[in-house]
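>>> Whatever this is, show me its structure:
(chains A and B)
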2 protein chains.
Amino acid sequence: MDSFRVELGAHAHPVHVGTGLLDRLGELAQAAGLTPGRAALITDANVARLYGVRAVASLAAAGFAVATIEVPAGEASKSLATLERVYDRLAAASLERASAIFALGGGVVGDLAGFAAATYLRGLAVVQVPTTMTAQVDSALGGKTGVNLHAAKNLVGAFHQPRLIVADVNTLLTLPEREFREGLAEVIKYGAIMDAPMITALETAMPAILARDPEQLARIVGRSLRHKAAVVASDEREGGLRKILNFGHTIGHAIEASAGYGSYFHGEAVAIGMVAAVGLSRAHAGLSAADADRLTRLIEAAGLPTQMPPAWRGQNAADQGAAAGGRGGHSGRAFEKDFERALKLDKKRAGEGIEFVLIDRLGHALTRTLAFAEIVSYLA
Amino acid sequence: MDSFRVELGAHAHPVHVGTGLLDRLGELAQAAGLTPGRAALITDANVARLYGVRAVASLAAAGFAVATIEVPAGEASKSLATLERVYDRLAAASLERASAIFALGGGVVGDLAGFAAATYLRGLAVVQVPTTMTAQVDSALGGKTGVNLHAAKNLVGAFHQPRLIVADVNTLLTLPEREFREGLAEVIKYGAIMDAPMITALETAMPAILARDPEQLARIVGRSLRHKAAVVASDEREGGLRKILNFGHTIGHAIEASAGYGSYFHGEAVAIGMVAAVGLSRAHAGLSAADADRLTRLIEAAGLPTQMPPAWRGQNAADQGAAAGGRGGHSGRAFEKDFERALKLDKKRAGEGIEFVLIDRLGHALTRTLAFAEIVSYLA
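Predicted coordinates:
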């Protein structure tokens, strides 16, 4: 077990990464200072089937009386409607201010349960127990919680730090291939923005990672989380440095929103967004062609997409008279309109531009305000 | 204009109390450091009709481009459904992280708009512009925001301090009588828990207050807010001292919930709750009969109710075979069941008891854990 603390003053908390930790969840929760008693486990139907019983048994053994709240699997559960059902279940379970909420699942469960914990009784303790690659290397740490609106993702949310993070890499062994690979986008991101040797290590280890060697998984999850912890510790509320974690995400989010939620997995959209950000970094931050090429090839080696959606290129072809038609049934022109609208809803918007994360070399990021027009014309 | 600061470190902010301040809202917002630009004004239909134009004009003159978001008047708007409509309107108005939300109205608008501000884009600046007595002397200050669930009031919420509070006592002149009087419950509360001379002053000034003499109104609003500011400054997140502000509220909330929201105004339920707390203070904190009597008479002089709802007493009669039937269509037995259930949902619950606020003399409060059974048997 690899253990460390996220140094956040009053919000500091431990993180444990390893194999077989699900069966030690109760014990680890107690060690982190959580009070046994009434608690809720929020999870989705798939994860409940695979790991629900073991998590509840471990918590029960440590004295937690757990009400299990199951939501449907998938991004659609990250909604105000599901949140209301969760609140009603928390009230029915008579949770108190000293009660804890355990979030067992991927990013959707972590964000939803985290936001419920942030806002139920004006804030309960939450323990993040991520079971997907994306959640283990990224979303479980940092305190960002929230739900989606129809207009765009993540417009509603709160900062609410977990009291404990337990990442059992064994849960990654049951992930469908596409969900496993999407998580690698965030792993590669840490290398790109702050750890050049990690890029080299990933180039070497990629076959073992894709074979899901547990030792390799524990290594990359731990290394990723330590990077994120360092950034978050220095800038909890995203006033400055933390923004670099959005590398690849500005365009990634706009792709997710405009292609219809679910057409692309988050990590896939971020992979495309990182390749686009690499191109913009060549133009605006002096990134070398060799570094740009290495990063693009590593993203490809992880089995992730690197090109804008077909509808986007279709749009440009359509301007020349060719037929257009993209993933998710969007015509190219509709896709571009939605894409720009989504880009302008980005939380990092500042007037007619956006604070964009670039890299000037592998392992080093910076931000520059780029005009919407500049971004769109580069992508075209 | 009476101005002071709420000393909350990074969350410190100014408060202004006076007459005619609505027309100076834009200027006061600028002086408080809010950035002119995109903004939203959240208000209800009644307040919009009376004061919307003046508030928007004042903000526009100071450079704020205001999108007005109107919700129906009444407690029903403090819901997740209304919140979702507010979020959608904030997205449509393209609000950014630097944008401000102005909450113009009573407690419902303040709590709803405050919670929307706490959670939209993970937190925007909010300016509280309370227009009711209850909101001016209590709910606008302290950062408590939230919405109701079907199960109970205020189970969902967040602490989110305003950047500025502007209380124009002229808006109190248009309040319906019952809404004006309910606000006096909170005024009397400050005297009861922390300012014995204020009780004497209120006894003398009550006729002028009930005649809504603007000078008297500015005086009691200012004195109330300074008391609340002092308590909140010493205990922002209600870890200790701030709990005394709940004097009268534990039973008050349970009455509101069990009589059906809207049967009693908040201040009316708190008035009854204070009288009950006075009785419990006689039994458990040594409050003198003379002090108990003075406080009860002052609550009566403000035109506020002092007895438990008819359904409650009906319940006891029903036990002896008499017919029962209370306000809101509840039978006595159903009311008592709902009342106890609501009491147990209180956020200050601790196992089978509740941290209850008592006074041992006028102007001095303390908390004691009382068992639910003790409270219910006293009331019976």
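
>>> from here on, contacts and neighbour counts on C-alpha atoms
Fine.

>>> who in the stretch 201-350 of chain A is up against chain B?
Proximity of the stretch 201-350 of chain A to chain B (CA under 8 Å from any CA of the partner chain) is limited to residues A:345, A:347-350.

>>> Keep only those of those residues that are in strands.
The strands, defined by DSSP state E, take in A:349-350 from these.

>>> quick one: which of the residues of the stretch 201-350 of chain A next to chain B is nearest B:L362?
Compare each of these with B:L362 using CA to CA and the shortest gap goes to A:K347, at 50.4 Å.

>>> returning to that earlier point: out of the residues of the stretch 201-350 of chain A next to chain B, which one sits closest to B:H160?
The shortest separation between B:H160 and any of these is 19.1 Å, and it belongs to A:K347 (by CA to CA).

>>> how close does the closest one get to A:H253?
With distances defined as CA to CA, to the nearest Å, the gap from A:K347 to A:H253 amounts to 11 Å.

>>> the more surrounded of those two?
Neighbour comparison, A:K347 and A:H253: the larger count goes to A:H253, with 26 against 18 (by other CA atoms under 10 Å in any protein chain shown).

>>> need the contact list for that one.
When contacts are counted by CA atoms under 8 Å, 6 or more residues apart in numbering or on different chains, A:H253 touches A:153, A:266, A:269-270, A:342-343.

>>> Could you list which of those belong to strands?
Among the contacts of A:H253, no member is found in strands (DSSP E).

>>> Reformat the residues you listed as a markdown table; add pLDDT and distance to A:L8.
Formatted as a markdown table, those follow (pLDDT from 0 to 100; distance: CA to CA, whole Å):
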| residue | pLDDT | distance to A:L8 |
| --- | --- | --- |
| A:K153 | 78 | 27 |
| A:H266 | 91 | 27 |
| A:A269 | 96 | 30 |
| A:V270 | 97 | 27 |
| A:A342 | 85 | 32 |
| A:L343 | 87 | 31 |
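
>>> want to throw the residues you listed into CSV with distance to A:H11 and neighbour count?
Conversion of those to CSV gives the following (distance: CA to CA, whole Å; neighbours: other CA atoms under 10 Å in any protein chain shown):
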residue, distance to A:H11, neighbour count
A:K153, 26, 21
A:H266, 27, 22
A:A269, 31, 30
A:V270, 29, 32
A:A342, 33, 21
A:L343, 32, 26
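
>>> Now do the helices in the stretch 51-200 of chain A.
Listed in chain order, the helices of the stretch 51-200 of chain A (DSSP state H, counting those that start in this stretch) span residues A:53-61, A:80-92, A:107-119, A:133-134, A:177-194, A:196-210.

>>> Tell me which of those sits most buried.
Most buried of the helices of the stretch 51-200 of chain A by mean neighbour count (mean count of other CA atoms under 10 Å in any protein chain shown) is helix A:107-119; its value is a mean of 29.

>>> got the angle between it and helix B:107-119?
In this structure, helix A:107-119 runs at an angle of 140 degrees to helix B:107-119, with axes from the mean of the first three to the mean of the last three CA atoms, to 10 degrees as the basis.

>>> if we look at helix A:107-119, which residues are touching it?
A:42-44, A:74-75, A:77-79, A:83, A:86-87, A:101-104, A:123-126, A:128-130, A:132, A:134-135, A:139-140, A:143-147, A:157-160, A:162, B:156-158.

>>> Tell me which of the residues you listed fall in strands.
Using DSSP E, the subset of the contacts of helix A:107-119 located in strands is A:42-44, A:101-104, A:125-126, A:128-130, A:144-147, A:157-159, B:156-158.

>>> Now the buried members of the residues you listed.
Buried residues within these, defined by neighbour count using 16 or more other CA atoms under 10 Å in any protein chain shown: A:42-44, A:101-104, A:125-126, A:128-130, A:144-147, A:157-159, B:156-158.

>>> tell me the contacts of the residue most central in space within chain A?
Nearest to the mean C-alpha position of chain A, by CA atoms, centre = their mean, lies A:S139 at 4.0 Å. With CA under 8 Å, 6+ apart as the criterion, the residues that contact A:S139 are A:107, A:110-111.

>>> Return the distance of it relative to A:H364.
21 Å.
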